[in-house]
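quick one: sequence plus predicted model below, questions after.
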Amino acid sequence: MNNGDMTNSTEIRTLHRIDISGTLLANTGSQTYRSTDGGVNWTLLPGFLFANHFDDLGPDAVYAACGFSGLYRSSVDGLQWKPVTGTGLPELCQLVTVKGGQGEIYVSGSDKEGLLLAADPDDPEWVLKGMPNEEINALHYDEGSGTILAATNDTVFRSTDLGQTWLRSNEGLTYPFMTGFTTKPGKIYVVNLGKHPRIRRCRRDVDGSVSQCPGHIYP
């Protein structure tokens, strides 16, 4: 049965499907709900108020970046959540990404701390991996090429050496506020939610490159 104020008209800010279990997590900006039947019924997770971003750690765990509340981890049922700490963790966690499900965890804060990495999820020590003084809104990791893309407020960065070096890749990106990536087989899309919201398709997507974006608006 539905729990709390989750209705057909509820505005969802963040939606995530845990791959291994199929559990759905939906955040409204003030509450987080959980569904185990494809979204037919939802249960309110008590005390779990806000989540900017979710990502899975393979078949073992799921992480949530929860703003001022920090970083949290749960088993793949998404039911019980515990805080994740560690030296160097940003005060406000905006983004969490698990690279390829291999255990390396990337985190970004909302105070332009850059991209931070913890190699050991069980004993995290957060070290700067690149892009200092940038607020990172989204990451995309291409397992085939090893390319990592990072969306910031005004551009896209690209790394082909697992985050050792980053280059701006913003040709064709006319509007600021790059907020995310979405994919289809063989294609990568950059999501823009600035003054003129649109999704822009990038041409050279086989190798993960977003260096050429012809401005095609994907309907």
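Cool, the structure landed.

would you mind measuring from G114 to G88?
11 Å (C-beta to C-beta, to the nearest Å). (Glycine included, C-beta is placed from N, CA and C.)

try V127
6 Å.

what do these two both touch?
L116 (C-beta atoms under 8 Å, 6 or more residues apart in numbering).

flag the shaky bits of this structure, pLDDT-wise.
1-7, 9, 48-49, 99-103, 172, 174-176, 193-219 (pLDDT under 70).

list the helices and strands the one helix or strand G180 maps to packs on?
In this assignment (DSSP states H and E), G180 forms part of strand 178-184. In terms of contacts (3 or more C-beta pairs under 8 Å, 6 or more residues apart in numbering; DSSP states H and E), strand 178-184 is packed against strand 136-141, strand 148-152, strand 187-192.

strands paired with the last one, and their directions?
Listed by DSSP bridges, the sheet partners of strand 187-192 and their directions read strand 178-184 (antiparallel), strand 198-201 (antiparallel).

same question for the first one.
Paired strands of strand 136-141, with direction, are strand 148-152 (antiparallel) (DSSP bridges).

would you mind writing the CA trace of the strand it pairs with as PDB?
Extracted as PDB, the C-alpha positions of strand 148-152 are listed here (Å, rounded to 0.1, in the frame of the first residue of the first chain):
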ATOM      1  CA  ILE A 148      35.100   9.300 -17.600                       C
ATOM      2  CA  LEU A 149      32.900  12.300 -18.400                       C
ATOM      3  CA  ALA A 150      32.200  14.900 -15.800                       C
ATOM      4  CA  ALA A 151      29.400  17.500 -16.100                       C
ATOM      5  CA  THR A 152      29.900  20.800 -14.300                       C
END
